[in-house]
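[1] only geometry, no sequence info:
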């Protein structure tokens, strides 16, 4: 039986977030304010919500690799937002 993306260990996801955080830190400037960080997080959450609504149409528990990428981005952005507070 093939493991679903969500079946990977928490350590896997924490390492993935850490690597992406360091990669993004070199590509993107820091947020100018907590308000800007909030706005970006909200935008990403809205995009995740759209994915969730679409997946409901294709059946329950359809948490795909796309959902996991989006939640990783939200975690990354949330972590980066703390750098302006």
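    Nice, thanks for sending it over. These numbers were taken from a predicted model, which means no experiment stands behind them. Numbering: from 1, shown residues only.
[2] so where's the longest helix in this structure?
    helix 34-58 (DSSP state H).
[3] what angle do the helix or strand following it and helix 34-58 make?
    Heading C-terminal from helix 34-58, the first helix or strand you meet, by DSSP states H and E, is helix 65-81. Taking axes from the mean of the first three to the mean of the last three CA atoms, to 10 degrees, one finds helix 65-81 and helix 34-58 inclined to each other by 170 degrees.
[4] ok now helix 65-81, how far from the chain's centre?
    1 Å (CA atoms, centre = their mean, to the nearest Å).
[5] Show me which residues of it are buried.
    67-68, 70-71, 73-78, 80-81 (16 or more other CB atoms under 10 Å). To be clear about C-beta, it is placed using only N, CA and C from the backbone, and glycine gets the same treatment.
[6] Now residue 33, what are its backbone angles?
    phi -160, psi 170 (degrees, to the nearest 10).
[7] Show me what the longest helix of the chain is packed up against.
    Applying 3 or more CB pairs under 8 Å, 6 or more residues apart in numbering; DSSP states H and E, one finds that helix 34-58 contacts helix 65-81.
[8] by contact count, what packs against the helix it packs on?
    Counting by 3+ CB pairs under 8 Å, 6+ apart, helix 65-81 packs on helix 10-27, helix 34-58.
[9] Output the buried residues of helix 65-81 in CSV; the columns should cover distance to residue 17 and pLDDT.
    Output for the buried residues of helix 65-81, formatted as CSV (distance: CB to CB, whole Å; pLDDT from 0 to 100):
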residue, distance to residue 17, pLDDT
67, 15, 84
68, 11, 83
70, 13, 88
71, 10, 87
73, 9, 85
74, 10, 89
75, 5, 87
76, 6, 84
77, 11, 85
78, 10, 85
80, 11, 80
81, 14, 79
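[10] Relative to residue 9, which of those is nearest.
    residue 68 (13.0 Å; CB to CB).
[11] Show the pLDDT at residue 2.
    You'll see residue 2 listed with a pLDDT of 48.
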